[in-house]
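Peer 1: Could you look at this predicted model? Sequence included:
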Amino acid sequence: MKAKPLIDIRNISYAYPDSGRTKSGKVGAPVLREVSLQIQEGEHIALLGHNGSGKSTLARHCNALLLPDKGSVLVAGFDTREASNWQSVRERVGMIFQNPDNQIIATVVEDDVAWSLALRGMPAEQIYERVEQAMAAVGISELRFLPPHRLSGGQRQRLAIAGVLALRPQCIIADEATSMLDPLSRQEISQLLRQLNQQSGLTVVQVTHLLEEAAYAQRIVVMEQGQIVLDGPPAVVFTDLDRLRALRLAIPEPVELAVRLREIGIPLSDEAITIEAIARELEH
Ligand SMILES: Nc1ncnc2c1ncn2[C@@H]1O[C@H](COP(=O)(O)OP(=O)(O)OP(=O)(O)O)[C@@H](O)[C@H]1O
């Protein structure tokens with residue numbers, strides 16, 4: 001029997017209160033249209049789609065920042081429509097966003113990781129232990145006494161992740177968390193999220209418009225016009241490149257390379273979608 005999903009999105013529709021109102025006062029087309037998605041504990045999902053497809057709106061439903069007009073979202077069984085469940089939901093699902101500065105509050109790195117715990121009235125000893133662990137997990141322990149504004153963009157995103165990890169969530173949703181970073185920092189943050197998933201079993205939902213980031217996830221979910229149009233493991237999703245192009249997603253260079261190599265007779269499996277995987281297969 002399949003385990004109960006950590007996040008169970010059941011047939012939700014959503015329109016922003018001020019979106020698409022016509023002169024006659026009618027609300028326009030919903031931004032989410034009857035979306036269902038089950039996220040199992042321990043999964044690493046890449047949520048993809050072109051600009052405006054509804055990724056962020058869906059992500060914000062997963063920790064009750066937005067509530068569905070129709071349908072329901074259950075997080076570990078807690079229905080987000082009940083205000084009394086919001087704390088339980090947000091303890092389980094943490095979010096990081098494009099701009100880490102919007103989540104940084106304190107003037108010193110370690111205080112910033114600690115503040116949400118202090119806010120919950122946690123004993124000092126427990127706060128200390130959690131802050132140490134969270135900073136170590138994201139590799140910022142040596143930056144602990146610095147003011148956050150002295151950190152690079154990538155380091156500030158790590159700090160935002162540490163702040164969420166300190167709350168010990170079951171799931172972290174990274175909403176375009178790498179899009180403001182340079183290519184190297186982008187890779188490092190993606191790698192960190194992967195590591196947290198693989199080593200700590202943290203459920204990770206990575207919202208992105210980059211297929212190259214998604215190639216490393218276990219499951220790719222693609223949205224278009226407020227609906228889920230593709231859902232499967234990367235090796236399967238990448239078999240239909242025409243479909244991905246039609247969804248206005250840029251095909252990653254390693255995937256194009258694998259196509260060319262197959263064309264000249266080098267046998268590569270469908271799993272050869274990252275440079276590492278291609279190199280592994282060529283070695284054997
Ligand atoms: N606060 C808001 N009020 C009204 N409309 C909104 C709001 N936020 C988003 N929208 C609209 O909802 C639609 C979906 O937006 P959403 O941000 O969920 O898409 P997305 O796939 O995450 O896009 P992007 O990659 O550009 O962030 C868009 O048409 C957008 O203009």
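Peer 2: Yep, it's here. As the structure is a prediction and not an experimental result, all values here were calculated from the model. Numbers count the residues shown, from 1 in each chain.

Peer 1: near the ligand, which residues of the chain show up?
Peer 2: Contact residues, the chain versus the ligand (C-beta under 6 Å from any ligand atom): 16, 18-19, 31, 49, 51-57, 209. Glycine gets a C-beta too; all of them are placed from N, C-alpha and C.

Peer 1: farthest pair in the residues you listed?
Peer 2: Across the residues of the chain next to the ligand, the longest distance by C-beta to C-beta is 24.4 Å; it joins Asp18 and His209.

Peer 1: Which one's more surrounded, those two?
Peer 2: Between Asp18 and His209, counted using other C-beta atoms under 10 Å, the more crowded position is His209 (18 against 7).

Peer 1: got the buried residues for stretch 168-183?
Peer 2: Within stretch 168-183, the residues scored as buried using 16 or more other C-beta atoms under 10 Å are 169-178, 180-181.

Peer 1: now that stretch, how far from the centre of its chain.
Peer 2: Relative to its parent chain, stretch 168-183 has a centroid offset of 6 Å by C-alpha atoms, centre = their mean, to the nearest Å.

Peer 1: what is the rounded mean pLDDT of it?
Peer 2: Across stretch 168-183, pLDDT averages out at 92.

Peer 1: That one: end-to-end distance?
Peer 2: Length of stretch 168-183, first residue to last, C-alpha to C-alpha, to the nearest Å: 28 Å.

Peer 1: who touches the helix-or-strand element of the chain with minimal mean pLDDT?
Peer 2: Ranked by mean pLDDT, DSSP states H and E, the weakest helix or strand in the chain is helix 211-214, scoring a mean of 90. Helix 211-214 has contacts (C-beta atoms under 8 Å, 6 or more residues apart in numbering) with 46, 48, 178, 186, 190, 206, 208, 220, 234, 238, 244, 249-255.

Peer 1: Which ones among those map onto helices?
Peer 2: 186, 190, 234, 244, 253-255 (DSSP state H).

Peer 1: just to revisit the earlier point, for the buried residues of stretch 168-183, give me CSV that also has secondary structure.
Peer 2: Converted to CSV, the buried residues of stretch 168-183 look like this (DSSP: H, G, I helix; E, B strand; the rest coil):
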residue, secondary structure
Pro169, coil
Gln170, coil
Cys171, strand
Ile172, strand
Ile173, strand
Ala174, strand
Asp175, strand
Glu176, coil
Ala177, coil
Thr178, coil
Met180, coil
Leu181, coil
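
Peer 1: nearest to Ile7, of the residues you listed?
Peer 2: Nearest to Ile7 among the buried residues of stretch 168-183, with distances taken as C-beta to C-beta, is Cys171, at 6.7 Å.

Peer 1: so who does the closest one touch?
Peer 2: Neighbours of Cys171 in contact, by C-beta under 8 Å, 6+ apart: 6-7, 39, 41, 62, 92-94, 202-205.

Peer 1: what about 10 Å?
Peer 2: Residues near Cys171 by C-beta atoms under 10 Å, 6 or more residues apart in numbering: 6-7, 39, 41-43, 45, 62-63, 75-76, 92-95, 164, 197, 202-205.

Peer 1: quick one, strands of the protein?
Peer 2: 7-14, 32-39, 44-49, 70-75, 78-79, 93-96, 171-175, 203-208, 219-224, 227-232 (DSSP state E).

Peer 1: Any buried residues in the second one, and which?
Peer 2: The one in question is strand 32-39. 32-33, 35, 37, 39.

Peer 1: out of the ones in helices among the contacts of helix 211-214, which are buried?
Peer 2: 186, 190, 234, 244, 254-255.

Peer 1: Can I get those in a markdown table including distance to Val109 and pLDDT?
Peer 2: A markdown table is the format used below for these (distance: C-beta to C-beta, whole Å; pLDDT from 0 to 100):
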| residue | distance to Val109 | pLDDT |
| --- | --- | --- |
| Arg186 | 21 | 90 |
| Ser190 | 22 | 93 |
| Pro234 | 35 | 93 |
| Leu244 | 40 | 92 |
| Pro254 | 35 | 92 |
| Val255 | 38 | 91 |
